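In: have a look; sequence and predicted model below, questions after that.
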Amino acid sequence: DGGITQSPKYLFRKEGQNVTLSCEQNLNHDAMYWYRQDPGQGLRLIYYSQIVNDFQKGDIAEGYSVSREKKESFPLTVTSAQKNPTAFYLCASRGPEGNTIYFGEGSWLTVV
Amino acid sequence: AQSVTQPDIHITVSEGASLELRCNYSYGATPYLFWYVQSPGQGLQLLLKYFSGDTLVQGIKGFEAEFKRSQSSFNLRKPSVHWSDAAEYFCAVGALHNNNDMRFGAGTRLTVKP
(Lines give C-alpha, C1' and ligand atoms only; values in the text may rest on other atoms or scores of the structure.)
Protein backbone atom coordinates (compact mmCIF):
# COMPACT_ATOMS: atom_id res chain seq x y z
CA ASP A 1 0.00 0.00 0.00
CA GLY A 2 1.18 3.51 -0.71
CA GLY A 3 1.58 5.77 2.26
CA ILE A 4 3.70 7.30 4.96
CA THR A 5 5.09 5.08 7.72
CA GLN A 6 6.29 6.48 11.01
CA SER A 7 8.11 4.50 13.66
CA PRO A 8 8.12 3.91 16.49
CA LYS A 9 4.55 4.71 17.45
CA TYR A 10 5.49 5.22 21.10
CA LEU A 11 8.89 6.21 22.42
CA PHE A 12 10.17 7.02 25.87
CA ARG A 13 13.37 8.94 26.37
CA LYS A 14 15.36 9.96 29.39
CA GLU A 15 16.30 13.57 29.74
CA GLY A 16 19.62 14.33 28.09
CA GLN A 17 19.29 11.67 25.41
CA ASN A 18 18.84 12.17 21.69
CA VAL A 19 16.17 10.17 19.90
CA THR A 20 15.44 9.66 16.21
CA LEU A 21 11.96 9.26 14.74
CA SER A 22 11.71 7.47 11.44
CA CYS A 23 9.55 8.55 8.48
CA GLU A 24 9.37 6.62 5.22
CA GLN A 25 7.09 7.28 2.24
CA ASN A 26 6.50 5.29 -0.95
CA LEU A 27 4.35 7.91 -2.65
CA ASN A 28 7.24 9.26 -4.73
CA HIS A 29 6.66 12.72 -3.24
CA ASP A 30 9.48 15.23 -3.36
CA ALA A 31 8.50 17.36 -0.37
CA MET A 32 8.39 16.04 3.17
CA TYR A 33 7.59 17.70 6.50
CA TRP A 34 7.77 17.24 10.25
CA TYR A 35 5.13 18.78 12.49
CA ARG A 36 4.73 18.87 16.24
CA GLN A 37 1.31 18.70 17.87
CA ASP A 38 0.60 19.63 21.47
CA PRO A 39 -2.79 19.20 23.19
CA GLY A 40 -5.22 21.95 22.30
CA GLN A 41 -2.94 23.39 19.67
CA GLY A 42 -2.70 23.11 15.95
CA LEU A 43 0.27 21.74 14.09
CA ARG A 44 3.56 23.57 14.13
CA LEU A 45 6.16 23.06 11.43
CA ILE A 46 9.58 21.85 12.61
CA TYR A 47 11.47 21.18 9.36
CA TYR A 48 10.68 20.59 5.73
CA SER A 49 12.54 19.27 2.72
CA GLN A 50 11.63 19.98 -0.88
CA ILE A 51 14.20 17.69 -2.42
CA VAL A 52 16.91 15.19 -1.52
CA ASN A 53 19.91 16.67 0.31
CA ASP A 54 18.04 19.89 1.05
CA PHE A 55 15.99 20.92 4.06
CA GLN A 56 14.79 24.13 5.70
CA LYS A 57 13.88 25.17 9.21
CA GLY A 58 10.25 25.69 10.07
CA ASP A 59 8.78 27.73 12.91
CA ILE A 60 10.13 25.65 15.81
CA ALA A 61 13.38 24.04 14.59
CA GLU A 62 15.44 24.69 17.72
CA GLY A 63 16.46 21.45 19.41
CA TYR A 64 15.69 19.33 16.34
CA SER A 65 17.71 18.09 13.36
CA VAL A 66 16.86 16.25 10.16
CA SER A 67 18.50 14.64 7.14
CA ARG A 68 17.27 13.83 3.64
CA GLU A 69 19.69 11.40 2.05
CA LYS A 70 17.00 9.50 0.17
CA LYS A 71 13.75 10.65 -1.40
CA GLU A 72 11.79 8.11 0.62
CA SER A 73 13.20 8.91 4.04
CA PHE A 74 13.13 11.99 6.29
CA PRO A 75 14.19 11.10 9.86
CA LEU A 76 13.84 13.59 12.71
CA THR A 77 16.25 13.70 15.64
CA VAL A 78 15.03 15.25 18.86
CA THR A 79 18.16 16.40 20.64
CA SER A 80 18.79 17.01 24.31
CA ALA A 81 18.70 20.71 23.51
CA GLN A 82 14.94 20.55 22.97
CA LYS A 83 13.60 21.82 26.28
CA ASN A 84 10.10 20.40 26.09
CA PRO A 85 10.15 17.42 23.71
CA THR A 86 7.14 15.49 24.99
CA ALA A 87 4.63 15.73 22.14
CA PHE A 88 2.98 14.00 19.22
CA TYR A 89 5.09 14.17 16.06
CA LEU A 90 3.62 13.97 12.59
CA CYS A 91 5.48 13.34 9.36
CA ALA A 92 3.90 14.38 6.08
CA SER A 93 4.59 14.62 2.38
CA ARG A 94 3.17 16.79 -0.37
CA GLY A 95 1.62 15.47 -3.53
CA PRO A 96 2.01 16.97 -6.99
CA GLU A 97 -1.57 18.24 -7.26
CA GLY A 98 -1.59 21.66 -5.66
CA ASN A 99 -0.47 21.84 -2.07
CA THR A 100 -2.19 18.80 -0.61
CA ILE A 101 -0.27 17.37 2.33
CA TYR A 102 -0.67 13.76 3.43
CA PHE A 103 0.16 12.57 6.93
CA GLY A 104 1.59 9.53 8.62
CA GLU A 105 0.04 8.02 11.74
CA GLY A 106 2.27 9.93 14.13
CA SER A 107 4.75 9.11 16.88
CA TRP A 108 4.30 9.81 20.57
CA LEU A 109 7.46 10.90 22.35
CA THR A 110 7.53 11.05 26.13
CA VAL A 111 10.51 12.28 28.10
CA VAL A 112 10.82 10.62 31.50
CA ALA B 1 1.59 35.42 6.24
CA GLN B 2 -1.60 33.45 6.26
CA SER B 3 -3.40 32.34 9.39
CA VAL B 4 -6.42 30.26 10.34
CA THR B 5 -8.93 30.65 13.14
CA GLN B 6 -11.31 27.97 14.30
CA PRO B 7 -13.55 29.80 16.79
CA ASP B 8 -15.03 26.71 18.40
CA ILE B 9 -12.72 24.62 20.55
CA HIS B 10 -15.35 21.98 21.31
CA ILE B 11 -18.75 21.23 19.82
CA THR B 12 -21.31 18.66 20.91
CA VAL B 13 -24.10 17.51 18.62
CA SER B 14 -26.64 14.72 18.77
CA GLU B 15 -26.38 11.82 16.38
CA GLY B 16 -28.44 12.55 13.30
CA ALA B 17 -28.27 16.31 13.76
CA SER B 18 -26.62 18.64 11.27
CA LEU B 19 -23.12 19.97 11.83
CA GLU B 20 -21.26 23.11 10.89
CA LEU B 21 -17.66 23.75 11.92
CA ARG B 22 -16.37 27.24 11.39
CA CYS B 23 -13.09 28.27 9.83
CA ASN B 24 -11.87 31.79 9.08
CA TYR B 25 -8.64 32.49 7.31
CA SER B 26 -6.43 35.45 6.64
CA TYR B 27 -4.57 35.61 3.36
CA GLY B 28 -4.00 38.32 0.79
CA ALA B 29 -4.57 36.26 -2.32
CA THR B 30 -6.57 33.21 -3.33
CA PRO B 31 -5.82 30.56 -0.76
CA TYR B 32 -5.67 26.82 -0.93
CA LEU B 33 -8.04 25.58 1.81
CA PHE B 34 -8.27 22.19 3.46
CA TRP B 35 -10.17 20.30 6.11
CA TYR B 36 -8.56 17.37 7.90
CA VAL B 37 -9.94 14.98 10.52
CA GLN B 38 -7.93 13.33 13.29
CA SER B 39 -9.02 10.44 15.47
CA PRO B 40 -7.33 10.19 18.88
CA GLY B 41 -3.68 9.20 18.60
CA GLN B 42 -3.80 9.03 14.81
CA GLY B 43 -2.53 11.08 11.90
CA LEU B 44 -4.61 13.56 9.96
CA GLN B 45 -6.85 12.40 7.13
CA LEU B 46 -7.81 14.77 4.33
CA LEU B 47 -11.57 15.35 4.15
CA LEU B 48 -11.70 17.85 1.31
CA LYS B 49 -9.85 20.72 -0.33
CA TYR B 50 -10.53 23.88 -2.31
CA PHE B 51 -8.16 25.28 -4.91
CA SER B 52 -10.41 27.09 -7.39
CA GLY B 53 -13.68 26.81 -9.27
CA ASP B 54 -16.92 25.77 -7.63
CA THR B 55 -16.99 27.24 -4.13
CA LEU B 56 -18.95 24.29 -2.72
CA VAL B 57 -16.71 21.28 -2.47
CA GLN B 58 -17.63 17.73 -1.60
CA GLY B 59 -15.43 15.49 0.44
CA ILE B 60 -15.30 12.05 1.91
CA LYS B 61 -17.64 10.68 4.59
CA GLY B 62 -20.50 12.94 3.47
CA PHE B 63 -18.78 16.22 4.36
CA GLU B 64 -18.89 19.40 2.31
CA ALA B 65 -17.43 22.87 2.69
CA GLU B 66 -18.18 26.23 1.17
CA PHE B 67 -15.60 28.86 0.34
CA LYS B 68 -16.90 32.39 0.90
CA ARG B 69 -14.35 34.95 -0.16
CA SER B 70 -16.33 37.91 1.15
CA GLN B 71 -16.38 36.39 4.64
CA SER B 72 -12.91 34.79 4.48
CA SER B 73 -14.54 31.57 5.58
CA PHE B 74 -14.41 27.91 4.70
CA ASN B 75 -16.97 26.22 6.95
CA LEU B 76 -17.36 22.47 7.06
CA ARG B 77 -20.84 20.94 7.06
CA LYS B 78 -22.54 17.60 7.30
CA PRO B 79 -26.32 17.13 7.12
CA SER B 80 -26.52 14.20 9.54
CA VAL B 81 -23.77 13.34 11.98
CA HIS B 82 -22.88 9.74 12.83
CA TRP B 83 -21.28 8.61 16.09
CA SER B 84 -18.13 7.69 14.14
CA ASP B 85 -17.65 11.36 13.21
CA ALA B 86 -16.48 12.15 16.74
CA ALA B 87 -12.91 13.39 16.26
CA GLU B 88 -10.79 16.52 16.01
CA TYR B 89 -11.17 18.63 12.89
CA PHE B 90 -8.51 20.94 11.52
CA CYS B 91 -8.84 23.66 8.94
CA ALA B 92 -5.70 24.64 7.02
CA VAL B 93 -4.70 27.29 4.51
CA GLY B 94 -1.84 27.11 2.07
CA ALA B 95 -0.26 29.68 -0.18
CA LEU B 96 -0.02 29.43 -3.94
CA HIS B 97 3.53 30.69 -4.14
CA ASN B 98 4.94 29.20 -0.96
CA ASN B 99 4.16 25.54 -0.91
CA ASN B 100 5.75 25.01 2.47
CA ASP B 101 3.89 27.60 4.48
CA MET B 102 0.66 25.79 5.26
CA ARG B 103 -1.02 27.03 8.44
CA PHE B 104 -3.34 24.99 10.60
CA GLY B 105 -6.07 26.09 12.94
CA ALA B 106 -6.04 24.95 16.56
CA GLY B 107 -8.74 22.39 15.84
CA THR B 108 -12.35 21.78 16.86
CA ARG B 109 -13.15 18.71 18.90
CA LEU B 110 -16.48 17.14 17.97
CA THR B 111 -18.43 15.05 20.46
CA VAL B 112 -21.48 13.14 19.24
CA LYS B 113 -24.25 12.34 21.73
CA PRO B 114 -26.29 9.18 21.22
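Out: Perfect, I can see it now.
In: near chain A, which residues of chain B are found?
Out: B:4, B:9, B:32, B:34, B:36, B:41-46, B:49, B:51, B:90, B:92, B:94-96, B:99-100, B:102-107 (CB under 8 Å from any CB of the partner chain). Backbone N, C-alpha and C define where each C-beta goes, glycine included.
In: give me that answer again for 10 Å
Out: Within chain B, the residues that sit near chain A (CB under 10 Å from any CB of the partner chain) are B:4, B:6, B:9-10, B:31-32, B:34, B:36, B:38, B:41-46, B:49-52, B:88, B:90-96, B:98-107, B:109.
In: do a quick rundown of the strands in chain B.
Out: Assigned by DSSP state E, the strands in chain B fall at B:3-5, B:10-14, B:19-21, B:24-26, B:32-38, B:44-50, B:56-58, B:64-68, B:73-78, B:87-94, B:103-104, B:108-113.
In: can I get these in CSV with mean neighbour count and distance to A:Val78?
Out: Formatted as CSV, those follow (neighbours: other CB atoms under 10 Å in any protein chain shown; distance: least, CB to CB, whole Å):
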stretch, mean neighbour count, distance to A:Val78
strand B:3-5, 16, 26
strand B:10-14, 13, 30
strand B:19-21, 18, 32
strand B:24-26, 17, 31
strand B:32-38, 23, 21
strand B:44-50, 21, 20
strand B:56-58, 14, 37
strand B:64-68, 18, 35
strand B:73-78, 20, 33
strand B:87-94, 24, 23
strand B:103-104, 22, 21
strand B:108-113, 17, 27
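In: pipe the ones you listed into TSV and attach mean pLDDT per row.
Out: Shown next, in TSV, are the strands of chain B (pLDDT from 0 to 100):
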stretch	mean pLDDT
strand B:3-5	92
strand B:10-14	97
strand B:19-21	98
strand B:24-26	94
strand B:32-38	95
strand B:44-50	94
strand B:56-58	97
strand B:64-68	97
strand B:73-78	98
strand B:87-94	94
strand B:103-104	90
strand B:108-113	96
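In: which stretches in chain A count as strands?
Out: Counting by DSSP E, the strands of chain A are A:4-7, A:10-13, A:19-25, A:31-37, A:43-51, A:54-57, A:64-66, A:76-78, A:87-94, A:101-103, A:107-111.
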